[in-house]
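Engineer: Compute the structure for the input listed below.
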Amino acid sequence: MDLAQLTHDLEALRDEALAGIAAARDPGELAGLEIEILGKKGSLTVVSRGIGALPAEDRPKVGAIANPIRSSIETAFADRGALLRASALETRLAGERTDVTTPGRPVARGSLHPSIEAMAEIAAIFGRFGFTVFESPEVEDDVTNFQMLNIPPDHPARDLWDTLYVDLPGHLLRTHTSPGQIRVMRSVEPPIRALLPGRCFRYEAVDASHGFEFFQVEGLMVDEGTTMGDLRGLLDEFARAMYGAGRKTRFRPGYYPFTEPSVAFDVECLVCGGVGCPACGRTGWMTILGAGMVHPVVLRYGGLDPERYQGFAFGMGPERIKMLKHGITDLRLFMDNDLRFLEQLR
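Structural biologist: Residues are numbered from 1 along each chain as shown. Reported below is the predicted structural model:
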């Protein structure tokens, strides 16, 4: 190979390499082309090896041509690589750009159970009148659950509660929250304004209006000179706060061993407005709770003198309150853990 031919090959390779570099579309293609030209077995390396076959006096002349050609090719690779990498980065950033003004994905959050929410709502209403929430145990002794509430062992009222007893002698799962009255009266000096929410248990068949496990909210007020008029006024305000202003209410005679006199508290039917419909049994009224003046026997068991103190008590089922407010017809829905139902009351 003579000097003229080698020079021609180097210049042709330069032109072909620069054209290929300019046509490269991405960094990967450019890297492959660089190996083909500048690698150990690349075309420029192969042509450069021919320099050794030239006469000694021609080698410097070819070197003066070959070195600038290699340098120009390397510079072209560097410039084209920087351009392609910058373009690829811009494309990637445009595709991965986050719009900070876009609303975030909603997070699935839980909520309180409707029974718990109902008890909280009831507590909030009575809290405006100075009532404080107290807790009492779910496992009670027979004396507190029955006897101190004027229900001795041979009293026929025991037939009203189908009781679940536990292995501990003389103890049971409380059938109502009323034994909490005794505990409050024995621990708090009058005046007393107490609210006792909690879970109760009875051995009953489960249907649309009954369950073996349910919640109750017990209210107790004891002071000097407390009257039935105070009870009526308080419950009227509760009914209006829960079901809306202007809701009509009434007392009906009732019976509870631990209150005397006893009443059932009704509100105007929420479905028909008092006209009469199947929901209210054509009466125009719906019962939401039972109440009455605390029996003197219960006051004595609570450590209070009935000649000095009088009080009233009331009890309601929070599920019942929720059912009437939202038109729910089956109590079992509250314990079925069906999200289709629970999410509607979120």
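Engineer: Can you show me the CA trace of the host helix or strand of residue 288 as CSV?
Structural biologist: Using DSSP states H and E, residue 288 sits in strand 285-294. Taking only C-alpha atoms (Å, rounded to 0.1, in the frame of the first residue of the first chain), the coordinates of strand 285-294 have been written out as CSV:
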residue,chain,number,x,y,z
TRP,A,285,-96.1,7.9,66.4
MET,A,286,-92.8,6.1,66.8
THR,A,287,-91.3,5.1,70.2
ILE,A,288,-87.6,6.1,70.6
LEU,A,289,-86.9,5.4,74.3
GLY,A,290,-88.3,4.5,77.7
ALA,A,291,-87.9,6.7,80.8
GLY,A,292,-89.3,7.6,84.2
MET,A,293,-88.5,8.8,87.7
VAL,A,294,-85.9,6.8,89.5
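Engineer: Quickly run through the sheet partners of it, with directions.
Structural biologist: Applying DSSP bridges to the sheet, strand 285-294 is found paired with strand 259-268 (antiparallel), strand 310-316 (antiparallel).
Engineer: Going C-terminal from it, what's the next secondary structure element?
Structural biologist: Heading C-terminal from strand 285-294, the first helix or strand you meet, by DSSP H and E, is helix 296-301.
Engineer: and that next one, how far out from the chain's middle?
Structural biologist: Taking Cα atoms, centre = their mean, to the nearest Å, the mean C-alpha location of helix 296-301 is offset from the chain mean by 43 Å.
Engineer: Equivalent analysis for stretch 178-185, please.
Structural biologist: Offset of stretch 178-185 from its chain centre (Cα atoms, centre = their mean): 33 Å.
Engineer: Could you count how many residues lie near the nearest residue to residue 48 once chain neighbours are set aside?
Structural biologist: Excluding the flanking residues, the one nearest residue 48 by Cβ to Cβ, 6 or more residues apart in numbering is residue 66, at 5.8 Å. Where C-beta positions appear, they are placed from N, C-alpha and C, glycine not excepted. Residue 66 is surrounded by 21 other residues when neighbours are defined as other Cβ atoms under 10 Å.
Engineer: now do residue 99
Structural biologist: Using other Cβ under 10 Å, residue 99 is surrounded by 6 other residues.
Engineer: Turn the strands paired with strand 285-294 into a markdown table, including mean pLDDT and mean neighbour count.
Structural biologist: As requested, the strands paired with strand 285-294 are exported to a markdown table (pLDDT from 0 to 100; neighbours: other Cβ atoms under 10 Å):
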| stretch | mean pLDDT | mean neighbour count |
| --- | --- | --- |
| strand 259-268 | 95 | 20 |
| strand 310-316 | 97 | 24 |
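Engineer: With distance to residue 77 as new columns, can these be given to me in TSV?
Structural biologist: Conversion of the strands paired with strand 285-294 to TSV gives the following (distance: least, Cβ to Cβ, whole Å):
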stretch	distance to residue 77
strand 259-268	88
strand 310-316	85
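Engineer: closest one to residue 169 among these?
Structural biologist: Closest to residue 169 of these is strand 310-316 (Cβ to Cβ; 27.7 Å).
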